[in-house]
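Student: Fold the following and give me the result.
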Amino acid sequence: MASRVVLVTGVADQLGGQLAARLAADPAIDRVLGVDVTPGPGPRDARVEFVRADIRGPRIAKVIDSARVDTVVHAAPRPSVGPRRAAIKELNVIGTMRLLSACQRADSVRKLVVKSTAEVYGASASSPAVFTEQDAPEQGHADEVEVEGYVRGFARRRPDVELTVIRLAEVIGPGVDNALARYFSLPVVPTVLGFDARVQFLHVNDALAVLNRAATHHLPGVFNAGGDGVLMLSQAIRRAGRVPLPLPRAAIGFGTRLAGRVDLSPGQARLLSYGRVIDTTRLKTTFGFTPKWTTAAAFDDYVHGRSATARF
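Tutor: The predicted structure follows:
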């Protein structure tokens, strides 16, 4: 099914905004509508029709109906951290419920792509060495667990809609401004005493390419997306030219906030203890995409970009 009218949520964020611009440049797509409550701080692509709307409200259904949207890319979910944690959680969970309700009623919608995260697997001492798509999400560790639950319910109610869920590893790269990017920019980086976690990254350009491919090709299913290889947390800190500061596990959240006002989600804090690695075999074989950047190369590009722009 060729996508003709695409709606992308969360375009105020870097990933959502760049994805909307990339889709708008595709000559096979007639219209791209970018939805968010604000246009975001960066420049807006003129080819993307920005719609100021809160997906928790009734307007999103009217937008989908009036534009006859056939493809919805839900890129809005984001980690609920910091002083606005409750508000972000509401946007993630309630916003997804309302968006899916609007999609369920719209007979024009034939395809749904959901940006999820590998954080749904959790991170603990009992975690497997490598998570596959067959591993069940670990309840209670991320808003995306609830989001994916509502998405599965939508799939049962609208089996005619093609559904693709992309579980992204930790996104990194030049210009990326998320909790882990800020964490590795701290002059002194708090770590969990007695632990050296395995971490896996996905370059922002690969994340965009995966989501773009999901929106424009017939690729239903759930797919892990991460760069090849892993880094130990200690290796990443050395590559970033930073100094580790081992702390008791209970103090890691306080330590990151004190060191540089970096707020980590509970899942990210557990990641720094136990690590997490996802298997990407299905991404390469069934989905047909191999990330261009390994975990190490993606992280090095982030470090190089940080040094070049002096943003951090």
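Student: alpha carbons only for contacts and neighbour counts from here, please
Tutor: OK.
Student: So the residue of the chain positioned farthest from its centre: helix, strand or coil?
Tutor: Distance from the C-alpha centroid of the chain, by C-alpha atoms, centre = their mean, peaks at G194 (29.0 Å). Here G194 is coil, with the state taken from DSSP: H, G, I helix; E, B strand; the rest coil.
Student: how about the strands in this protein?
Tutor: Secondary structure of the chain (DSSP state E): strands at 5-9, 31-36, 49-52, 71-74, 111-117, 162-168, 170-172, 188-192, 198-199, 201-203, 221-225, 231-232, 243-247.
Student: Among those, which comes closest to K292?
Tutor: Minimum separation from K292 across the strands of the chain (C-alpha to C-alpha) falls at strand 201-203, 8.4 Å.
Student: about what we covered before: for A125, which of the strands of the chain is the nearest?
Tutor: Distances from A125 to each of those were compared using C-alpha to C-alpha; the minimum, 12.4 Å, belongs to strand 198-199.
Student: which helices and strands does the closest one pack with?
Tutor: strand 231-232 (3 or more C-alpha pairs under 8 Å, 6 or more residues apart in numbering; DSSP states H and E).
Student: returning to what we had before: what's the closest non-adjacent residue to the residue farthest from the centre of the chain?
Tutor: P246 (7.9 Å; C-alpha to C-alpha, 6 or more residues apart in numbering).
Student: Go through the helix or strand of the chain with the lowest mean pLDDT and flag the buried ones.
Tutor: Ranking every helix and strand in the chain by mean pLDDT, DSSP states H and E puts helix 252-260 at the bottom, with a mean of 79. For helix 252-260, a neighbour-count test (16 or more other C-alpha atoms under 10 Å) marks I252, G253, G255, T256 as buried.
Student: can you map out the helices along the stretch 101-250 of the chain?
Tutor: Remark: helices assigned in the stretch 101-250 of the chain by DSSP state H, counting those that start in this stretch are 143-157, 179-183, 204-216, 233-239.
Student: now the ones you listed in JSON lines, with mean pLDDT, distance to T132 and mean neighbour count?
Tutor: Compiled in JSON lines, the helices of the stretch 101-250 of the chain are given as follows (pLDDT from 0 to 100; distance: least, C-alpha to C-alpha, whole Å; neighbours: other C-alpha atoms under 10 Å):
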{"stretch": "helix 143-157", "mean pLDDT": "93", "distance to T132": "16", "mean neighbour count": "18"}
{"stretch": "helix 179-183", "mean pLDDT": "92", "distance to T132": "23", "mean neighbour count": "19"}
{"stretch": "helix 204-216", "mean pLDDT": "98", "distance to T132": "17", "mean neighbour count": "21"}
{"stretch": "helix 233-239", "mean pLDDT": "97", "distance to T132": "22", "mean neighbour count": "17"}
